[in-house]
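K.L.:
sequence first, then the predicted structure, then my questions.
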Amino acid sequence: MTSAEIRHTFLSFFASKGHVIVPSAPMVNKTDPNLMFTNAGMNQFKDIFLGNKPIVSPRVVDSQKCLRVSGKHNDLEQVGIDTYHHTMFEMLGNWSFGDYFKADAISYAWELLTKVYKIDKDRLYVTVFEGDKKDGLEPDYEAKDQWLRFIAPERILFGNKKDNFWEMGDQGPCGPCSEIHVDIRDDEERKKISGAELVNKDNPLVIEIWNLVFIQYNRKADGSLETLPHKHVDTGMGLERLCMVLQNVKSNYDTDVFQPLIKYIAEYSELKYGDNEKTDIAMRVVADHIRAVAFAITDGQLPSNTGAGYVIRRILRRAVRYAYSFLNIKEPFLFELLNVLCEQMGEAYPELLEQKSFCKRVIAEEETSFLRTLETGIQKFHAYINANPDKNNVDGDFAFELFDTFGFPIDLTALMAAEFNKDVDLNGFTQNLEKQKERSRKAAAQTLSDWIFVDENKALDNESTLTFCGYDDWDVNIDILKHRKVTTKDGTLYQLVFPMTPFYAESGGQVGDCGMIVNEHESVKIINTIKENDLSIHLAESLPKYLHLPFRAIVDVEHRKAVMANHSATHLLHKALRSILGTHVEQKGSYVGPDYLRFDFSHFQKLTDDEIIAVEEYVNASIRENVKKDELRNIPIDEAKKKGAMALFGEKYGDTVRVVSFGDSVELCGGTHVEATGSIGVFKIISEGAIAAGIRRIEAVTAKAAFDYLNQQTHTVQEVKNLLKVKDALKGVENLVEQNNNLRKEIETLKQEKLSGMKDVLLSKTKDINGINVIAEKVEIDSSAIKDLAFELKQNKDNLAIILGSNQNGKAAICIVFTDDLVKKGLHAGNIIREAVKEIDGGGGGQAHFATAGGKSPEKIDMAIAKAKDLIIM
């Protein structure tokens, strides 16, 4: 069976058992603040497990795109090294929400594996939870009894809490799990040792393929467990591993999931897969990583220097490094793999085909940029080696700098060091890496208490019917449903949940609302509203004292109106860009706050001044027309798309959506908007630039912020006029620039005349010491001029050693230059300057013929010159 057939068979099997097939959620997670990427099939159903969302379909099945490279599931450094870890993978899963439990889950799994996929029963083993005294949990005899219906007791193994008890996190739904393992070793190996002895022992051929999780408990903040009112089933089976078993190969990379990619890489590099371990690893790394990068970009996450974008850039650069170092590929080529990937997976994931050309251009530009960075890092490495010829190892601090700044993995640094017969200080590198990780952990650390329900009787009734009423009402009566305390490095906040809220929760690029909740006894400020999956959470600096009493929830009107103006302006801006630049323009991100708006879009060149003016005029014309908002709520998504509503890649939409239109601007949007465009007032672009390969960013202001901006610009122009005492500010500045350029030329002429005269004086001070012509002097010029002077002197004599020092602006600088004949005799400017610079408490280095250094003690520059002179004539 092909991987496509295996995926289809899984979905069809569970559809025949009454499951609804649901699409994969985006791999990039934009709804859970605690998760950058979807790392398990259950992520999109988290709100159902938590009770924040009603159960619509009690049985569902899907194939979910997942990514595991950061946090708890950090598999990145193992990818390519072994044969079964991956960054991006597909998780096949079936789900029961309060419907069937262990009996049916186990029965379905056994039927599919042994009767449909026809896996040999004698190769299967299962594990069940052995219990845990600390949690007061007995062994999972219920699961064991169900397995005894199908499999011999010696093939049922008890597993510990680490392997057989699944938890969503430190808190939340959890429960015992039952893993299904398969032994794909050759018959001879199986006779030598039973597969039962190798289960969960990291044997690459005795592997877990399916995990059946039985969610029946809730882990509280104090670590205790409580039984959930509804029991759920959550299963996950890696498609790649299942393909390995069904296609009768010994590695995931030998399946048809990866082989087309690997074959292309092998042909491109003119190497054969299977001939060399290092090149094999490199090909596996590239084949794996291109999948992760391509799916992330199509889901809306572009490579960047922060957050999820940094992770994607890191994955892409790891692929480039391996291709560069082990496959001898020195030019961009990863983007070409998109053709192969789309042919493989485009039918199952049509977003790949729709975003193919854009994705290729982003990856190609990222490759080009990083290859330049890689060359710079290699040059820096060689400079370090030249500056430290006597050291036996490469400093851990320097190795970490290469890793952190230039993206060098430690193995690449070690490889380059070995070429010079040097080791790398791995302990120093690891210490730096751990310090960085610890800083990140501390920055992100927070402690959450358990949710406390104000009225337990209302908890189950209300929690699945939370509603947002803020489109129409900004001042409503509410009750507090539940609350919890959150402690971070910045202090303590309280999270409040209401059954109904007028406060918009931060999502879709729009900031959250703020405001107040008040009653006759107290007033509590709401400083922000955030969304955790589909749950609106209100942040307060203090906990209300009268939690059981009703409150009025009042949105901050000025804040909301400013946000609405900016959000509606982004819709008009999007339409303007597509009309003026072309329909290739697509939104790739946004920020909508009360102070300004930010809009990221696909376009591969800088906007001209005329284009920016045209965009501004288009938007402002729409504002002047005072176009009324046309809003459709809860309409089927297919109907919305027929109306021309634009959907954003990487966003997950429900079966019903909201459509917001201003004339011919029609978008799917859940945000808040003005009733008519005239309320925006005025629109002004304040910046435009590139933020990533193929992505531009516009920042703009509207309403009062735009008026203030234009006022400030007018004021600045008037100040320039006053300062230059002119009526025409532009003409005045042009004249000033011209005068400045003329003065610069005059200064440069005088400087050259000074250097010429200084050169003659210094040549006259040349001393012959032990057959070496030596010029060792302190000069009154800046450090940049010293180098020019030294190289001018070098042209006038053979066997010439030049040592020049200066003390300018409280800083010491020293320069050493040797003629080629002295270098051939063994003199090395870089080695000498490293010793001499110690006199001025500084640092520096260089090559054999030229070196520079600076120091903190300019008063000791004469001592440094003397030290260098002594080292030369020794």
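P.N.:
That came in fine, so what should we check first?
K.L.:
in the protein, which segments are predicted with low confidence?
P.N.:
70-75, 443-444, 457-465, 649-650 (pLDDT under 70).
K.L.:
what residue lies at the spatial centre of this protein?
P.N.:
Ala308 (2.0 Å; CA atoms, centre = their mean).
K.L.:
chain neighbours aside, what residue packs nearest to that residue?
P.N.:
Spatial nearest neighbour of Ala308, chain neighbours left out: Met36 (4.3 Å); criterion: CB to CB, 6 or more residues apart in numbering. From N, CA and C alone the C-beta is placed, and that goes for glycine too.
K.L.:
that older thread, wait, the residue nearest to the centre of the chain sits on Gln301?
P.N.:
Yes - shown here, Ala308 and Gln301 form a contact pair, counting by CB atoms under 8 Å, at 5.2 Å.
K.L.:
need the residues touching each of those two.
P.N.:
Val28 (CB atoms under 8 Å, 6 or more residues apart in numbering).
K.L.:
and the closest residue to Gly407 other than its chain neighbours, which helix or strand is it part of?
P.N.:
Nearest residue to Gly407, sequence neighbours excluded (CB to CB, 6+ apart): Arg317, at 4.5 Å. Assigned by DSSP states H and E, Arg317 belongs to helix 307-326.
K.L.:
buried residues in the first helix or strand past that helix going along the chain?
P.N.:
With elements assigned by DSSP H and E, the helix or strand that comes after helix 307-326 is helix 337-345. Buried residues in helix 337-345, counting neighbours by 16 or more other CB atoms under 10 Å, are found at 337-338, 340-342, 344-345.
K.L.:
quick one on the thing from earlier: thinking the residue nearest to Gly407 is in contact with Leu371, fair?
P.N.:
No - applying CB under 8 Å, one finds Arg317 not in contact with Leu371, separated by 9.8 Å.
K.L.:
more neighbours: the two, which one.
P.N.:
A direct count of neighbours by other CB atoms under 10 Å for Arg317 and Leu371 places Arg317 higher, at 25 against 19.
K.L.:
now that one: how far from Phe503?
P.N.:
Distance of Arg317 to Phe503, given as CB to CB, to the nearest Å: 41 Å.
K.L.:
likewise for Val424?
P.N.:
Val424 is 53 Å from Phe503, by CB to CB.
K.L.:
neighbour count: those two, which is higher?
P.N.:
Between Val424 and Phe503, counted using other CB under 10 Å, the more crowded position is Phe503 (29 against 22).
K.L.:
the more buried one against Ile517, yeah?
P.N.:
No - contact criterion CB under 8 Å: Phe503 and Ile517 do not qualify, at 9.3 Å.
K.L.:
now for those two: what residues contact both?
P.N.:
526, 538, 553.
K.L.:
of these, closest to His19?
P.N.:
Lowest distance from His19 to the shared contacts of Phe503 and Ile517 (CB to CB) belongs to His538, with 36.1 Å.
K.L.:
mind listing the strands for the stretch 501-650 of the chain?
P.N.:
With DSSP state E, counting those that start in this stretch, the ranges of strands along the stretch 501-650 of the chain come out as 515-518, 523-532, 535-540, 551-555, 587-592, 597-602, 629-636.
K.L.:
biggest helix in the chain by residues?
P.N.:
Counting by DSSP state H, the longest helix found in the chain is helix 729-764.
K.L.:
mind checking how far that one is from the chain centre?
P.N.:
The chain centre lies 48 Å from the centre of helix 729-764; the measure is CA atoms, centre = their mean, to the nearest Å.
K.L.:
just checking, Ile21 touches Asp62?
P.N.:
Yes - taking CB under 8 Å as the definition, Ile21 is a contact partner of Asp62 at 6.7 Å.
K.L.:
and these two? Which one has more around it.
P.N.:
Legend: neighbour count by other CB under 10 Å for Ile21 and Asp62, higher for Asp62 (24 against 13).
K.L.:
the more buried one pairs with what?
P.N.:
Under DSSP bridges, the beta-bridge partners of Asp62 are Gly93.
K.L.:
so what's it up against?
P.N.:
So Asp62 contacts 11, 21-24, 41, 92-93 (CB under 8 Å, 6+ apart).
K.L.:
adding secondary structure, write those out as CSV.
P.N.:
Conversion of the contacts of Asp62 to CSV gives the following (DSSP: H, G, I helix; E, B strand; the rest coil):
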residue, secondary structure
Leu11, helix
Ile21, strand
Val22, coil
Pro23, coil
Ser24, coil
Gly41, helix
Leu92, strand
Gly93, strand
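K.L.:
give me the buried subset of those residues.
P.N.:
11, 22, 24, 41, 92-93.
K.L.:
reformat these as TSV; add distance to Lys330.
P.N.:
Shown next, in TSV, are these (distance: CB to CB, whole Å):
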residue	distance to Lys330
Leu11	43
Val22	44
Ser24	36
Gly41	39
Leu92	39
Gly93	42
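K.L.:
quick check, nearest of those to Leu724?
P.N.:
Leu724 lies nearest to Ser24 out of the buried ones among the contacts of Asp62, by CB to CB, at 62.0 Å.
K.L.:
distance of that closest one relative to Leu302?
P.N.:
20 Å.
K.L.:
cool, Thr9 as well?
P.N.:
Thr9 is 35 Å from Leu302, by CB to CB.
K.L.:
looking at those two, which is more packed in?
P.N.:
The residue with more neighbours, out of Thr9 and Leu302, is Leu302; 24 against 17, by other CB under 10 Å.
K.L.:
could you find the closest non-adjacent residue to that one?
P.N.:
Nearest to Leu302 is Ala692, by CB to CB, 6+ apart, at 4.6 Å.
K.L.:
which strand residues bridge the one you found?
P.N.:
Ile695.
K.L.:
how deep is it tucked in, by neighbour count?
P.N.:
The number of residues packed near Ala692 is 21, by other CB under 10 Å.
K.L.:
for it, which residues are in contact?
P.N.:
Contacts of Ala692 (CB under 8 Å, 6+ apart): 302-304, 309, 362, 366.
K.L.:
can I get those in JSON lines with distance to Ala676?
P.N.:
What follows is the contacts of Ala692, written out as JSON lines (distance: CB to CB, whole Å):
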{"residue": "Leu302", "distance to Ala676": "34"}
{"residue": "Pro303", "distance to Ala676": "39"}
{"residue": "Ser304", "distance to Ala676": "36"}
{"residue": "Gly309", "distance to Ala676": "36"}
{"residue": "Val362", "distance to Ala676": "37"}
{"residue": "Glu366", "distance to Ala676": "42"}
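K.L.:
with those residues in mind, which one is nearest to His715?
P.N.:
Out of these, the member with the shortest distance to His715 (by CB to CB) is Ser304, at 35.2 Å.
K.L.:
wait, that closest one touches Tyr310, no?
P.N.:
Yes - using CB under 8 Å, Ser304 is in contact with Tyr310, at 6.2 Å.
K.L.:
tabulate the contacts of Asp62 (a markdown table), appending distance to Leu448.
P.N.:
Shown next, in a markdown table, are those (distance: CB to CB, whole Å):
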| residue | distance to Leu448 |
| --- | --- |
| Leu11 | 36 |
| Ile21 | 34 |
| Val22 | 29 |
| Pro23 | 31 |
| Ser24 | 29 |
| Gly41 | 24 |
| Leu92 | 31 |
| Gly93 | 27 |
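K.L.:
going by distance to Val69, which of those wins?
P.N.:
Taking CB to CB as the measure, Val69 lies nearest Gly41 of these, at 17.0 Å.
K.L.:
so that closest one touches Asp234, yeah?
P.N.:
Yes - contact criterion CB under 8 Å: Gly41 and Asp234 qualify, at 7.4 Å.
K.L.:
what's the overlap in contacts for these two?
P.N.:
Gly93.
K.L.:
show me the strands in the stretch 301-450 of the chain, by range?
P.N.:
Counting by DSSP E, counting those that start in this stretch, one finds strands in the stretch 301-450 of the chain at the ranges 393-394, 423-424, 446-448.
K.L.:
between those strands, which gets nearest to Gly810?
P.N.:
Nearest to Gly810, of those and by CB to CB, is strand 393-394 at 33.6 Å.
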